[in-house]
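Participant: Kindly return the folded structure for what I paste below:
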Amino acid sequence: MASMAGMQMEEITSKEVSFTKVLVLSVIFHGVVLIGIPVLTRVVWNPSKFQRPKTFQLVSAPLPLPATPVRKVPVNTDAPKQRMPRQESVPQPSPVPSPKPVVKKEKTPAKQEEAARPIEENLDELASILDEMPVPAQVSAVGDFKYHWYLQNVSQKIERYWNPSTENRQVKVIVSFTIFADGTISDPSVSGSSGNSSLDNLGVRAVKLAAPFGKLPPGFAGDRLELNLTLIPTRK
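Facilitator: Below you'll find the model as predicted:
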């Protein structure tokens, strides 16, 4: 029994020794593989960098041209002299006389006066016709009033509403009214009757429809303007 126990102990001891050796050898081997080989490789192997070879561009030089020989031409000194041709005189043309300038005859003042006479006569005739035509509405101010353009605007505005049904230039209606500073008017009244009440009413109606008028001119000193309106029954 003692001998068998001793043999078992020896086997166990031998197994532990062999396992320890294997473990040590394995550690050494892995250390050499993982550390030693890379270190030796870095120390021993030194790769050379690739360098691009230098290139040169070949330039072809032009070949020199062969020199051409100069040929000498013999000159004959005994050659006869050439005669130069004589220049013949060219006859010059005789000068042509310049034409005389044509002088335009201007119209005499007598002809110009004769041409202007018909125009003047026509203008005079037209002015006389206009003077004969009666003005449908004519406004006159009571007192001194120098702003004629204002009176003309008033009469033109009243003419738009003066539309009598008949035409009788022998009669007239006189309507009196007052324009205040702001352009409003007083109640118009007939100061001169035409003898026809219908025409008188149409005259008063035309003034009322045309009002209010523009404000009185700034240079006018008064605050109101009294007017007399003359209306003639004419057709437009």
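Participant: Flag the shaky bits of this structure, pLDDT-wise.
Facilitator: Scanning the chain for pLDDT under 70 picks out 1-17, 45-134, 235-236.
Participant: make it 80
Facilitator: Applying pLDDT under 80 to the chain flags the ranges 1-18, 36, 38-134, 166, 169, 235-236.
Participant: which residue sits closest to S186 in space, ignoring its chain neighbours?
Facilitator: Excluding its sequence neighbours, the residue lying closest to S186 (CB to CB, 6 or more residues apart in numbering) is T178, at 4.2 Å. To be clear about C-beta, it is placed using only N, CA and C from the backbone, and glycine gets the same treatment.
Participant: secondary structure class for that neighbour?
Facilitator: Here T178 is strand, with the state taken from DSSP: H, G, I helix; E, B strand; the rest coil.
Participant: which residues does it bridge with?
Facilitator: When assigned by DSSP bridges, T178 has beta-bridge partners E226.
Participant: Test my guess that it contacts E226.
Facilitator: Yes. Look at T178 against E226 with CB atoms under 8 Å: they come within range, at 5.1 Å.
Participant: dump the residue contacts of the residue nearest to S186.
Facilitator: Taking CB atoms under 8 Å, 6 or more residues apart in numbering, we find T178 in contact with 185-186, 224-227.
Participant: Over to V204. Which of the three states is it?
Facilitator: helix.
Participant: what's around it, how many residues?
Facilitator: The number of residues packed near V204 is 18, by other CB atoms under 10 Å.
Participant: again with E226
Facilitator: Around E226 there are 15 residues (other CB under 10 Å).
Participant: what about the helices in this protein?
Facilitator: 2-31, 37-44, 109-132, 148-159, 197-210 (DSSP state H).
Participant: if we can go back for a sec, just the buried ones from the contacts of T178?
Facilitator: Buried members of these, counted by 16 or more other CB atoms under 10 Å: 185, 225, 227.
Participant: Closest to V139 out of the residues you listed?
Facilitator: Using CB to CB, L227 is the member of the buried ones among the contacts of T178 that sits closest to V139, with 5.4 Å.
Participant: Quick check: closest non-adjacent residue to that closest one.
Facilitator: Nearest to L227 is V139, by CB to CB, 6+ apart, at 5.4 Å.
Participant: hang on, isn't the one you found packed against E226?
Facilitator: No. Between V139 and E226 there is no contact under CB under 8 Å: 11.0 Å.
Participant: Quick one: residues contacting F180.
Facilitator: Counted by CB under 8 Å, 6+ apart, F180 has contacts 186, 216, 223-224.
Participant: Mind putting the residues you listed into JSON lines with distance to S26?
Facilitator: Shown next, in JSON lines, are the contacts of F180 (distance: CB to CB, whole Å):
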{"residue": "S186", "distance to S26": "139"}
{"residue": "L216", "distance to S26": "132"}
{"residue": "D223", "distance to S26": "135"}
{"residue": "R224", "distance to S26": "137"}
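Participant: In those residues, find the pair that's most separated.
Facilitator: Within the contacts of F180, S186 and L216 form the most distant pair, 13.8 Å apart (CB to CB).
Participant: Contacts only, for S189.
Facilitator: So S189 contacts 175-177, 204 (CB under 8 Å, 6+ apart).
Participant: which one of those has the most neighbours?
Facilitator: V175 (24 neighbours).
Participant: wait, that residue sits on V204?
Facilitator: Yes. At 5.9 Å, V175 counts as touching V204 under the criterion of CB under 8 Å.
Participant: what's the overlap in contacts for the two?
Facilitator: 188-190.
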